[in-house]
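Colleague: attaching a predicted model along with its sequence, questions to come.
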Amino acid sequence: MLKFSVKRILFMIPSMIIITFLTFSIMSLSAGSPGSVALGINASKADIDAYNHEIGYDRPMLVRYGEYMLGVLQGDLGDSYKNSLPVTTLLLPKFPMTFRLAVLSVLFAALIGIPLGVLAAVKKGSILDTGTTVVSLLLASIPGFWLALLFMLLFSLKLGWLPTFGIGTWKHYVMPVATLALPSSAYVARMVRITMLEALDSDYVRTARAKGAGPARIIFIHVLRNALMPVITTLGMNFAGLLGGAVIAEQVFGLPGVGQAILTAINEKDTPIVLGATVVLSLLYMLIMLLMDLINALLNPKIRDNLG
Amino acid sequence: MSEENLITVSGLRTVLPSKEGREVSLVDGIDLTIPGGKTVGLVGESGCGKSMTARSLMRLLDAPIYIKEGTIQFHGQNLASLPEKEMRSIRGHQISMIFQEPMTALNPSITVGKQVREAILLHEKVTRREAKERVIQMFRNVGIPEPELRYRSYPHQLSGGLRQRICIAMAMILEPEFLIADEPTTALDVTVEAQILALMKQLQGSHKMSILMITHNLGVVADICDEVNVMYAGQIVEHADKAELFHHPLHPYTLGLMKAIPRVRGKMEGELYTIRGTVPSMAQMPAGCRFCDRCPYATEQCRRERPGLRDVGGGHLVRCFREVIE
């Protein structure tokens, strides 16, 4: 398993090079330059060029990319074009908020989705099963921003229970987390239902019944573990995705997180921040995926053996 | 058959209800007796209902399939109508079962030792440690090398033959009176098959249990069975002692099965014999004899009337109108 982990970490190097290079190219090729960002729209072309020359932006892209990557290796993600502050200083404080949001969302998605999926599978064909399927489809089809607005309308404006905007108390997290967790929980429920049904239909369940095992024992001892393995990967991907992609919830509810920072940086063409966020998030994504694979290997002896 | 019968099945009918109210009989009025300490074979092609019969006896039917008629007498109880909870205490304890696919019959994420131990813990009040020791002893009895080590193995780490030995250990650990073996060697190669059959014979000898051996392989029947039932399209078409059946097969279907066995000795006479046609669909049975469309001896009577099981002497039963022809 150590060998597997080391191999996977080594594989991250080419992935990181490709990801950063693509992002770097796209940001370089699009209109605007650090000079125009820093000096504002009223600056003259000469001033902008002089600024760009001073920070070395007029050199070939590959040279600048190489220089950037050397910095990354030393933990330096460059400076913001806009206010010349280090990207790390600007970006890192945004992570706790996003992290909290992602953890809570995935937690609730799992806490709601897994039991619902299990119940739907066990009571297949019942009202509960049909109800879960309908609600799941509904939640999966509703766009996040719309759900967020509906929540605001109901819980903030009509009932006045929850604040609409900003951070401070736990109440501020209720609606953003619900907006993110409900659609995921619907997805998880449907997935768990399918994997449960598949596992319930397997030969080893028949063997367990032939041994004299009752329904509860079959579900909790024999089926659940096998059925939840694919779900763990999904939850991990969901979590990794939320770290960078909770943009809508952050934007609508005014939470200063990573997604919002990236969005602002893209609008302002503050390339170093976008790049820095990409580097950190893709690294996190790959590490989370590795963690998910290791968890799966712990649960599934077959995978464990394959990893060596 | 003067010995005490362990299991007496009468008129067992297992059906699959369909939406239009029509139902399909998967097992169609079977009478079967399992004498104590004997091995009874249940032979037939795929889809003839032999596995369904086995699962009916264990009451391991998947809804909506259910036992509609008939009784399964076992120690004065009718298993066909026993409440599920009581049935559960019999399963794996007094009656156990081995399945065809050792590759998938074991849970992939639990060690084989624990899976066998579960059978003990489900039915007896013993400590886990005691149960584990019994499992290891049983592993030794069924010829599993390094039983302590194997106890901690996962199914995928073992070969098909070893896995089937694990399944046998699981089925035998509580010394059941009746073992149902549903094609236990079909998925295994021939040398392993011989070992497994030898093991089953040996265990039967030491435990005095009855076995219902379900197979499509007459070689297995010849090797292990005392009596044979030939099943066709949900019904038993012939029943006899093994020697009687092999020497005087009467039903054209049984004759066909025997002719279809490849022989090593004797001269080659062209292609291997096959029974023409396929088993009729359970939903569309012929009006007369169920085998008449494939039978080389079929007459007008066979197409019109349904033959019953008749005794031609010495407990040899056959479901055919034809007079005995050698």
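Modeller: In hand now; what should we look at?
Colleague: helices along the stretch 151-300 of chain B, start to end?
Modeller: For the stretch 151-300 of chain B, the helices defined by DSSP state H, counting those that start in this stretch cover B:160-172, B:190-207, B:218-224, B:242-247, B:252-259, B:300-304.
Colleague: list the contacts of stretch B:237-244.
Modeller: B:41, B:221-222, B:225-231, B:245, B:248-251, B:253-254, B:291, B:309, B:314-320 (C-beta atoms under 8 Å, 6 or more residues apart in numbering or on different chains). C-beta here means a position set from N, CA and C on the backbone, and glycine is covered the same way.
Colleague: again, only using 7 Å
Modeller: B:221-222, B:225-231, B:245, B:250-251, B:253-254, B:291, B:314-319 (C-beta atoms under 7 Å, 6 or more residues apart in numbering or on different chains).
Colleague: filter these to the buried ones?
Modeller: B:221, B:225-231, B:245, B:250-251, B:253-254, B:291, B:316-319 (16 or more other C-beta atoms under 10 Å in any protein chain shown).
Colleague: do the helix or strand harbouring residue A:186 and chain B meet at all?
Modeller: Per DSSP states H and E: residue A:186 is located in helix A:171-200. No. Helix A:171-200 is not in contact with chain B by C-beta under 7 Å from any C-beta of the partner chain; minimum separation 9.6 Å.
Colleague: what helices or strands is the helix or strand following that helix leaning on?
Modeller: Toward the C-terminal end, the helix or strand that comes next after helix A:171-200 (DSSP H and E) is helix A:203-211. Packing partners of helix A:203-211 (3 or more C-beta pairs under 7 Å, 6 or more residues apart in numbering or on different chains; DSSP states H and E): helix B:112-123.
Colleague: packing partners of the helix or strand that the helix it packs on is followed by?
Modeller: Next along the chain after helix B:112-123, taking DSSP H and E as the criterion, comes helix B:128-141. With contacts defined as 3+ C-beta pairs under 7 Å, 6+ apart, helix B:128-141 has these neighbours: helix B:112-123, helix B:147-151, helix B:160-172.
Colleague: quick one: residues contacting the residue nearest the centre of chain B.
Modeller: By C-alpha atoms, centre = their mean, chain B has its centre lying nearest to residue B:214, at 2.5 Å. By C-beta under 7 Å, 6+ apart, the residues touching residue B:214 are B:42, B:50-51, B:54, B:181-183.
Colleague: now with 6 Å, please.
Modeller: B:42, B:50, B:54, B:182-183 (C-beta atoms under 6 Å, 6 or more residues apart in numbering or on different chains).
Colleague: what residues does the stretch 51-200 of chain B have near chain A?
Modeller: B:60, B:88, B:91-92, B:97, B:101, B:104-109, B:119, B:122, B:154, B:156 (C-beta under 6 Å from any C-beta of the partner chain).
Colleague: now, the residues you listed that are in helices?
Modeller: Counted as lying in helices by DSSP state H, out of those, are B:88, B:119, B:122.
Colleague: where does the chain have low pLDDT?
Modeller: Went with chain A since none was named. A:31, A:245, A:308 (pLDDT under 70).
Colleague: actually chain B
Modeller: Across chain B (using pLDDT under 70), the flagged ranges come out as B:1-3, B:263-270, B:324-326.
Colleague: in what helix or strand does the residue sitting nearest the centre point of chain A lie?
Modeller: What sits nearest the mean C-alpha location of chain A, by C-alpha atoms, centre = their mean, is residue A:241, with 1.9 Å. Following DSSP H and E, one finds residue A:241 within helix A:224-245.
Colleague: by contact count, what packs against that helix?
Modeller: helix A:95-122, helix A:171-200, helix A:271-299 (3 or more C-beta pairs under 6 Å, 6 or more residues apart in numbering or on different chains; DSSP states H and E).
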